[in-house]
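Novice: missing the sequence, but the structure's below:
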């Protein structure tokens, strides 16, 4: 029996005649960091929305931590999702918002307080936690969103652009936190445009372009695929993979061994 | 990895987990209270609503006390309309809950977060509870006042028991029916591109039909027609429950028990229906999910603002003017909440509508009110906050090649195109209905478009001088930027001065009335004659008209020199 945290088989999403995601299949082992890359409009967000049951697939199936996409109750118990726009309430203070999230997850009061205070401290938010979220900067809102996503120790965390809007120190804290999550056997599904983050953290990278998974493998394996005899970085590999002619000519994916 | 101590069962099942839904409801109520507290417009509206209740309370108390006394004396004639009143209350509440479900109370704020933390049944349960809770004060207070009066009249507190029971049954059952219907309709709208586009039109039509029914007297006719059918249904049991414990009311205990029993069944069924309807409304394919469009993407030439802009370019010298006007008009249509506040003064015109519908005539001042409202609405709709209405695109406007004059002209043009035709037709028509002399009718018809143009330009001047950028939340997902208090106050004052002047110049009736009223109130025994008032009127008109080009230049210059 595989120890896969996310398994997708032929996931497809159509909006009328438009195909947003086409026949996407992947298998992400537990406790790994999976970097999900793609140009704007490639299908990253749609894929995440399908995996979190926010959007119903047109075809295909998937399981997240053993729960099928048809089992919303099971999925919500197992995941934490941070969309690009952090789902935080302006009218609440940061601490109130996190207490609210903790109650929704039915965390015991003492445990919730402990976790909240620890994470607020870790993300340098403790001093501002009793201010309304409406007064927060973009970065602060993102931090509250991240804390709310991992507060209940989910099996799988899906993050859409988690480091955008963060200053370098906060972005470093975020990267360290993501690395820690993976060490604790939490699976991280990470969609980002910040390729160094993926290069540093990801065990596996998937590249989606125009709705199709065009490449998958370790960061080093993807770099080797780039059309250059020189040593290339992940950015070059990414650009190479998502070029039009590359997508048309190269139908193979790097197979993970 | 699941959180310690969590019971899996709360996420399963068809019914919402009560504890979780209560947490969600409590937080929604807290958020709503803070939103209202933070925004003075909503605080003011709430105060007006409360004041309305308070003002009517003594009348309701006295009427109920008289009914209680009559019942105690053995005369139940006053209860003739009680069954229909109770049924109508239920229908109104259910209708309000439909509107709640269709509107903001049926929206999930931060849906991506909430719907990935809890299954939709719990979120739906929370929103249902919070909607229901927000109606409790509006039901509890009238019930308390009416039944207090009934109890005093009857000489016993017993009626309260029936009142509380009926209030609870009406609230719970009407919400259980209305809210899921509203959510279902929301889902229907979201699945239909045509219906979504027509939502503003449908909303206006529904509102117009509602107010026409209320003020034309037709509502009473409709109510009397359907009364037998309504009272034959379980709605007819509500008054029995409401009066079960009132001495002398001859209420049927069987019907009262029936009402309670039916509500006890309806409530959980309604909650289940809410969960199903919520899924239908919230989980809808939106083409914007992936940044792709379900239909062919429009280019600048075929987009609505593009088509309208090309049309306006045929009458505008400058493309910038046409562009600003086109975008203003398209935004007004797509975001009608921004313009909704302009419709509020129409509420004060209901007595006129009622008079027109019942007697077919209008008072002499009606056409002048139309002119005033048209001029005011044209200004308040957009020009009165010409800078603030730009929102995030203000930097674009300020750094565009088009200058301040172009922006002012475009904004004024949009307001005039929207409002001038309606105001002119309205003025002409009401002048006929009011039977004013022909000369005055011509004057008011001419004054209408002139007033609209003048009002728009004056508003642009005040709006540019006193901009406001903070928005207020109108619904969960929509906000509006209102004009500043200074701009609003000064604009309305100047417009009123101009209107008074115009009326004095054109209407002999107005001059005569004005002469009498002012003679009674002016100090030092001053008694202005009708001809004096005509001169004063011309002076005021010239003064206000002279302010128009000044306002134009001020607005243009302000936009040209504005710094963020």
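Specialist: Cool, got the structure. Model, not experiment: these values are computed from the prediction. Numbers count the residues shown, from 1 in each chain, chains lettered A, B, ... in the order given.
Novice: quick check, pLDDT for residue 221.
Specialist: No chain specified, so I'll use chain A. Residue A:221 is assigned 85 on the pLDDT scale.
Novice: nope, chain B
Specialist: pLDDT, residue B:221: 77.
Novice: how much space is there between it and residue A:27?
Specialist: Between residue B:221 and residue A:27 the computed distance is 68 Å (Cβ to Cβ, to the nearest Å). Every residue, glycine included, has its C-beta placed from N, CA and C.
Novice: tell me which of these two has more neighbours.
Specialist: residue A:27 (15 against 11; other Cβ atoms under 10 Å in any protein chain shown).
Novice: isn't the more buried one up against residue A:3?
Specialist: No. Counting by Cβ atoms under 8 Å, residue A:27 sits too far from residue A:3 to count as a contact (10.1 Å).
Novice: tell me, how many residues neighbour residue B:402?
Specialist: Residue B:402 has 17 nearby residues by other Cβ under 10 Å.
Novice: helix/strand/coil for it?
Specialist: Each residue gets one of three states, and residue B:402 gets coil by DSSP: H, G, I helix; E, B strand; the rest coil.
Novice: count residues in the vicinity of the closest residue to it other than its chain neighbours, would you?
Specialist: Nearest residue to residue B:402, sequence neighbours excluded (Cβ to Cβ, 6 or more residues apart in numbering or on different chains): residue B:320, at 3.3 Å. By other Cβ under 10 Å, 19 other residues sit near residue B:320.
Novice: and residue B:320, what helix or strand is that in?
Specialist: Using DSSP states H and E, residue B:320 sits within helix B:319-334.
Novice: give the contact list for the one residue in chain B that gets nearest to chain A.
Specialist: Using Cβ to the nearest Cβ, the closest approach of chain B to chain A is made by residue B:113 at 2.6 Å. By Cβ atoms under 8 Å, 6 or more residues apart in numbering or on different chains, the contact set of residue B:113 is A:81, A:83, A:86-88, A:145, A:148.
Novice: which SS class is it?
Specialist: Going by three-state DSSP: residue B:113 is helix.
Novice: stretch B:495-508 - what's its average pLDDT?
Specialist: On average, stretch B:495-508 scores 88.
Novice: so in the chain, which helix runs the longest?
Specialist: Looking at chain A here, since you left the chain open. Longest helix in chain A, counting residues (DSSP state H): helix A:168-183.
Novice: right idea, wrong chain: chain B
Specialist: Chain B, longest helix under DSSP H: helix B:120-154.
Novice: please name every helix or strand in contact with that helix.
Specialist: helix B:18-38, helix B:40-72, helix B:82-102, helix B:159-191, helix B:253-282 (3 or more Cβ pairs under 8 Å, 6 or more residues apart in numbering or on different chains; DSSP states H and E).
Novice: with respect to the ones you listed, which exhibits the lowest mean confidence?
Specialist: helix B:40-72 (a mean of 85).
Novice: skipping its backbone neighbours, what lies nearest the closest residue to chain B within chain A in space?
Specialist: Of all residues in chain A, residue A:87 sits closest to chain B, at 2.6 Å by Cβ to the nearest Cβ. Leaving aside its chain neighbours, residue A:87 sits nearest to residue B:113 (2.6 Å; criterion: Cβ to Cβ, 6+ apart).
Novice: the helices in chain A, which residues?
Specialist: With DSSP H as the criterion, chain A has helices spanning A:44-51, A:72-78, A:94-104, A:109-122, A:138-150, A:168-183, A:195-201, A:219-225, A:234-241, A:244-249.
Novice: redo those helices as TSV? Include mean neighbour count and distance to residue B:550.
Specialist: Formatted as TSV, the helices of chain A follow (neighbours: other Cβ atoms under 10 Å in any protein chain shown; distance: least, Cβ to Cβ, whole Å):
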stretch	mean neighbour count	distance to residue B:550
helix A:44-51	25	52
helix A:72-78	23	62
helix A:94-104	22	49
helix A:109-122	15	56
helix A:138-150	23	42
helix A:168-183	16	52
helix A:195-201	19	58
helix A:219-225	18	67
helix A:234-241	20	58
helix A:244-249	11	59
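Novice: now the ones you listed in TSV, with distance to chain B?
Specialist: Listed next are the helices of chain A as TSV, based on distance: least, Cβ to the nearest Cβ, whole Å:
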stretch	distance to chain B
helix A:44-51	4
helix A:72-78	4
helix A:94-104	5
helix A:109-122	7
helix A:138-150	7
helix A:168-183	10
helix A:195-201	19
helix A:219-225	23
helix A:234-241	18
helix A:244-249	17
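Novice: let's have those helices in a markdown table, adding distance to residue B:386.
Specialist: Formatted as a markdown table, the helices of chain A follow (distance: least, Cβ to Cβ, whole Å):
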| stretch | distance to residue B:386 |
| --- | --- |
| helix A:44-51 | 36 |
| helix A:72-78 | 46 |
| helix A:94-104 | 36 |
| helix A:109-122 | 43 |
| helix A:138-150 | 29 |
| helix A:168-183 | 39 |
| helix A:195-201 | 44 |
| helix A:219-225 | 52 |
| helix A:234-241 | 45 |
| helix A:244-249 | 45 |
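Novice: and these, which one averages the lowest pLDDT?
Specialist: helix A:244-249 has the lowest average pLDDT among the helices of chain A, namely a mean of 49.
Novice: excluding sequence neighbours, find me the nearest residue to residue B:75.
Specialist: Per Cβ to Cβ, 6+ apart, closest to residue B:75 is residue B:248, 7.9 Å.
Novice: pretty sure that neighbour sits in a helix.
Specialist: No. Counting by three-state DSSP, residue B:248 is not found in a helix; it is coil.
Novice: count the neighbours of it for me.
Specialist: Residue B:248 has 18 nearby residues by other Cβ under 10 Å.
Novice: correct me, but it touches residue B:74?
Specialist: Yes. If you go by Cβ under 8 Å, residue B:248 and residue B:74 touch, sitting 6.1 Å apart.
Novice: before we move on, what SS does the closest residue to residue B:484 other than its chain neighbours have?
Specialist: Using Cβ to Cβ, 6+ apart and skipping residues adjacent in sequence, the residue nearest residue B:484 is residue B:468, 3.9 Å away. Secondary structure, three-state DSSP: residue B:468 is coil.
Novice: I'd say residue B:468 and residue B:488 touch.
Specialist: No. The pair residue B:468 and residue B:488 fails to qualify as a contact (Cβ under 8 Å) at a distance of 9.2 Å.
Novice: any residues in contact with both of those two?
Specialist: Once Cβ under 8 Å, 6+ apart is applied, the residues that residue B:468 and residue B:488 both contact turn out to be residue B:482.
Novice: quick one on the thing from earlier: reformat the helices and strands packed on helix B:120-154 as TSV; add mean neighbour count and distance to chain A.
Specialist: What follows is the helices and strands packed on helix B:120-154, written out as TSV (neighbours: other Cβ atoms under 10 Å in any protein chain shown; distance: least, Cβ to the nearest Cβ, whole Å):
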stretch	mean neighbour count	distance to chain A
helix B:18-38	18	4
helix B:40-72	15	13
helix B:82-102	20	19
helix B:159-191	22	12
helix B:253-282	18	9
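Novice: so what's residue 31 closest to, chain neighbours aside?
Specialist: No chain was given, so I picked chain A. residue A:185 is the one closest to residue A:31 (Cβ to Cβ, 6+ apart), at 4.2 Å.
Novice: ah, no, chain B please
Specialist: Per Cβ to Cβ, 6+ apart, closest to residue B:31 is residue A:91, 4.2 Å.
Novice: per-residue confidence for the one you found?
Specialist: Reported pLDDT for residue A:91: 92.
Novice: neighbours around it, how many?
Specialist: 21.
Novice: which residues touch it?
Specialist: Residue A:91 neighbours (Cβ under 8 Å, 6+ apart): A:132-134, B:30-31, B:34-35, B:38.
Novice: quickly check the residues you listed for the two that are furthest apart.
Specialist: A:134 and B:30 (14.1 Å; Cβ to Cβ).
Novice: follow-up on the earlier one: ok, the residue nearest to residue B:75 - contacts?
Specialist: So residue B:248 contacts B:70-76, B:154 (Cβ under 8 Å, 6+ apart).
Novice: many thanks, I have nothing further to ask.
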